[in-house]
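Participant: Here you go, sequence then predicted model.
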Amino acid sequence: MKRSRLPFVVTIGVLIFFYLPIMVLVVNSFNASTYGGHWGGFSLRWYLKLMGQRDILLALENTIIIAISATLASCILGTTAAFALHYYKSALQRCHFILIYTPLVVPEILMGMSLLLAFVAVGVRLGLFTIFLAHVTFCVSYVAMVVLARLQDFDMAVIEAAQDLGANWWVTTWRVLAPMLAPGIASGALLALTLSVDDFVISFFVAGPGSTTLPIRIYSMIKFGSPAVLNALSTILLAVTFILVWASQRLTTNKEKAT
Amino acid sequence: MKKGISVFAATLLLACLAMLLGCHSKSVDLHIYTWADYIKPELVQRFELENRCKIIIDTFDSNEAMYAKLKAGATGYDLITPSSYMAKIMNDQGMLLSLDHAQLPNLLHIDSEYLQIAIDPEMKYSVPYMVSYTGLGYLQDAVADVTPSWKMLERPELKGRMTMLNDMRETIGAALKYLGYSLNTVNDDELLAAKAVVIGWKKNLAKFENEQYKTGLASGEFQLVHGYSGDILKVQEDNEQVAFLIPEEGFSLACDDLVIPKTAGQVDLALKFINFIHTPNVAAANTEYISYLCPNRASYDLLSEEIKSNPGIFPSAAIRSKGEVIQDLGESNGKYTKIWDEIKAAGD
């Protein structure tokens, strides 16, 4: 029987659909023409223009600080939450599960608005710290779900074996549990990092004076700024993302070869 | 190795937390909430030096989003630049401070002709910052014998190569102006006449649209577009055949205002900044940078010839007097919505 070519065609179609817009963007970032309707010649002018903008670099700095801190904090909280959810099966934990799950389905605008109202009510000064809290709030759920999935095929006997062999709590956690969960935590972390860098709606509401993040800045630039500078900025972000993914893949494959 | 990673992660987290919490600087900060790229950076630096303060600019992307955020209780902004209609809504809600004119001596430079049509003519709560216009952009090599009139939209040879804004107030307003009426009219006969005009134009249009027209004009797909001066001037940088005209029958004019919210912490500094922006040479420098017009009469003489001869930035006094600001019509907005629906459904 001849195999159907349909899956192949669909795959190619989907890949084109994913990557063609990105390629157009990258090509246009080197286009001397502002509106990308036609090719105005190769140029690095948008990259040079980007470097001269103090506000954009400040927004980038804010975004990086928040992304890293929110990712680390939500990894710790999310992993411990997942562990509790997996290990203890009580009514309280079922309730916990629902609470952890809810932020995944709550509309962003609702979450942004309610967080803002909460911060104002408590009297917290809006700024980087409130964005950090908001990002941890939704990132925890994603990390917890990913780690929980990893825990489903985790053999608890390993921990008991470690304890039988005289390992104390600390050693069990760091030498047995953490390495085995590491791939789950790492993919949760990548997800959290992406979500944090990406988020506009929630960040817009909880941002205070002096804490404009990159997405907020980009949305505002669509109205008055130059669209071509955005292409250059996106291309740089894209390059950094690819390098990160490539590096993390290399790291994980090397480790597997070693063991 | 494992320990190394965890120690590294913990240090990173602590460092970031310290940065999150430790952002309170000692010097005086002026927080401005505005659109991106809306103040010339050198002017910001000059104000910082002269007043020994630091200006921190945050940006929003729509009047509505900014309003929603402030209404919910966000504070910390000392100066905001909403569009006039939003400034009025904010003032009606009691969110804005009344301005002390004694601290704003430069207000005497503000163009009194503009103030006559402004929503806040006495500048009780807002000071005009930048004015922009709605008019027609066209390709000089494609459109022959140009006349500064809305009548251009009737040209048969441009059929299918023209667009109008997908905005009921702008597009019906253009027809009202073409007929010689106010674009804030609520008279049913005038609105019916305007409807017939827009339906007549529609037969010639490629589409009603707000964003794509810029790319379309740059690439030559469209030859005549109804659009905002700021947008069309940007396209001009890309394609030198692009030109902008303001129809002599009249046009709509939009303004962004400088306002101080009641929650501002640095009211005096914010007032100083408003006064600084309306220093004639500062206003002129800002106009040249943004390509919108700061309605500051004393600054007009200081503008370069290039700007003065560009009708998209600096229309002649005779034409400027034909401009009108779109006002919120309250309950009568429904009349426009109904006519707009009928226009959308007509023809095809």
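Facilitator: Done, it's in.

Participant: Could you use CA atoms for every contact and neighbour count after this?
Facilitator: Fine.

Participant: so where does B:K177 fall, helix or strand?
Facilitator: In this structure, B:K177 sits in helix B:168-178 according to DSSP states H and E.

Participant: Tell me which residues are up against that helix.
Facilitator: For helix B:168-178, contacts defined as CA atoms under 8 Å, 6 or more residues apart in numbering or on different chains pick out B:134, B:149-151, B:164-165, B:182-184, B:190-191, B:194-195, B:197-198, B:249-252, B:326, B:336-337, B:340.

Participant: Stretch A:116-133 near chain B at all?
Facilitator: Yes - using CA under 8 Å from any CA of the partner chain, we find that stretch A:116-133 touches chain B at A:116-117, A:120, A:126, A:128-129, A:132.

Participant: Mind listing what's buried along that stretch?
Facilitator: Buried positions in stretch A:116-133, judged by neighbour count with 16 or more other CA atoms under 10 Å in any protein chain shown: A:116-117, A:119-120, A:125-133.

Participant: Residues contacting that stretch, please?
Facilitator: By CA under 8 Å, 6+ apart, the surrounding residues in contact with stretch A:116-133 are A:62, A:66, A:69-70, A:203, A:205-211, B:20-21, B:72-75.

Participant: Endpoints of that stretch, how far apart?
Facilitator: 11 Å (CA to CA, to the nearest Å).

Participant: what about the helix holding B:K177, distance to the chain center?
Facilitator: 18 Å (CA atoms, centre = their mean, to the nearest Å).

Participant: helix or strand right after that helix?
Facilitator: By DSSP H and E, the next helix or strand past helix B:168-178 is helix B:188-202.

Participant: Could you check that following helix and say which residues are buried?
Facilitator: For helix B:188-202, burial by neighbour count (16+ other CA under 10 Å) applies to B:190-191, B:194-195, B:197-202.

Participant: can those go into a markdown table with extra columns for distance to A:R250 and pLDDT?
Facilitator: As requested, these are exported to a markdown table (distance: CA to CA, whole Å; pLDDT from 0 to 100):
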| residue | distance to A:R250 | pLDDT |
| --- | --- | --- |
| B:E190 | 71 | 93 |
| B:L191 | 68 | 93 |
| B:A194 | 66 | 93 |
| B:K195 | 65 | 93 |
| B:V197 | 66 | 93 |
| B:V198 | 62 | 93 |
| B:I199 | 62 | 93 |
| B:G200 | 64 | 91 |
| B:W201 | 61 | 93 |
| B:K202 | 59 | 92 |
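
Participant: I'd like to know which elements the host helix or strand of A:T241 is packed against.
Facilitator: Assigned by DSSP H and E, A:T241 belongs to helix A:227-258. Under the contact criterion of 3 or more CA pairs under 8 Å, 6 or more residues apart in numbering or on different chains; DSSP states H and E, helix A:227-258 touches helix A:6-29, helix A:45-51.

Participant: do the first one and chain B meet?
Facilitator: What that stands for is helix A:6-29. No - judged by CA under 8 Å from any CA, helix A:6-29 stays clear of chain B, getting no closer than 13.0 Å.

Participant: Show me which residues of that helix are buried.
Facilitator: Going by neighbour count (16+ other CA under 10 Å), the buried part of helix A:6-29 is A:22, A:25-29.

Participant: contacts for it?
Facilitator: The contact list for helix A:6-29 (CA under 8 Å, 6+ apart) reads A:36, A:44, A:46, A:228-229, A:231-232, A:234-235.

Participant: switch the cut-off to 10 Å
Facilitator: By CA atoms under 10 Å, 6 or more residues apart in numbering or on different chains, the residues outside helix A:6-29 that reach it are A:31, A:34-40, A:42-47, A:227-236, A:238-239.

Participant: And the closest residue to chain A within the stretch 101-250 of chain B, how far from B:Y213?
Facilitator: Proximity of the stretch 101-250 of chain B to chain A (CA to the nearest CA) peaks at B:S219, 5.1 Å away. Distance of B:S219 to B:Y213, given as CA to CA: 10 Å.

Participant: A:Q53 too?
Facilitator: According to CA to CA, A:Q53 and B:Y213 sit 28 Å apart.

Participant: So for those two, which sits in the more crowded spot?
Facilitator: Of the pair A:Q53 and B:Y213, B:Y213 is the one with more neighbours under other CA atoms under 10 Å in any protein chain shown, namely 27 against 12.

Participant: Give the full set of residues in contact with the more buried one.
Facilitator: Residues in contact with B:Y213 (CA under 10 Å, 6+ apart) are B:137, B:162-165, B:207, B:219, B:221-227, B:231-232, B:235.

Participant: Same check on A:I202?
Facilitator: Shown in contact with A:I202 (CA under 10 Å, 6+ apart): A:107-116, A:131, A:134-135, A:138, A:196.

Participant: Am I right that it is in a strand?
Facilitator: No - under DSSP: H, G, I helix; E, B strand; the rest coil, A:I202 falls outside any strand and is assigned helix.

Participant: For A:P209, see how far away it is.
Facilitator: For A:I202 relative to A:P209 (CA to CA), the value is 15 Å.

Participant: circling back to that earlier point, pick out whichever of the residues of stretch A:116-133 next to chain B sits closest to B:E42.
Facilitator: Using CA to CA, A:L128 comes nearest to B:E42 of the residues of stretch A:116-133 next to chain B, at 26.5 Å.

Participant: confidence score at the closest one?
Facilitator: For A:L128, the model assigns a pLDDT of 92.

Participant: A:S4 too?
Facilitator: pLDDT, read off for A:S4, is 85.

Participant: Just list the residues touching it, thanks.
Facilitator: Counting by CA under 10 Å, 6+ apart, A:S4 has no contacts.

Participant: can I assume it sits in a strand?
Facilitator: No - under three-state DSSP, A:S4 falls outside any strand and is assigned coil.

Participant: Look up how far B:E170 lies from it.
Facilitator: Counting by CA to CA, the gap from A:S4 to B:E170 is 54 Å.

Participant: Could you list the domains of chain B?
Facilitator: Residue ranges for the domains of chain B, per automatic domain parsing: B:28-131+B:254-314, B:132-253+B:323-345.

Participant: possible to save the ones you listed as JSON lines with distance to A:I185?
Facilitator: Formatted as JSON lines, the domains of chain B follow (distance: least, CA to CA, whole Å):
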{"stretch": "domain B:28-131+B:254-314", "distance to A:I185": "34"}
{"stretch": "domain B:132-253+B:323-345", "distance to A:I185": "42"}
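
Participant: Go ahead and confirm B:I117 touches B:P128.
Facilitator: No - between B:I117 and B:P128 there is no contact under CA atoms under 10 Å: 11.6 Å.

Participant: neighbour count winner among those two?
Facilitator: Using other CA under 10 Å, the more surrounded residue of B:I117 and B:P128 is B:P128, with 28 against 15.

Participant: what about the residue in the stretch 101-250 of chain A that chain B sits nearest to, how many neighbours?
Facilitator: Going by CA to the nearest CA, chain B is nearest to A:S220 of the stretch 101-250 of chain A, at 4.1 Å. The number of residues packed near A:S220 is 20, by other CA under 10 Å.

Participant: One more: A:M111?
Facilitator: 18.

Participant: where in the stretch 151-259 of chain A is pLDDT low?
Facilitator: A:222-226, A:252-259 (pLDDT under 70).
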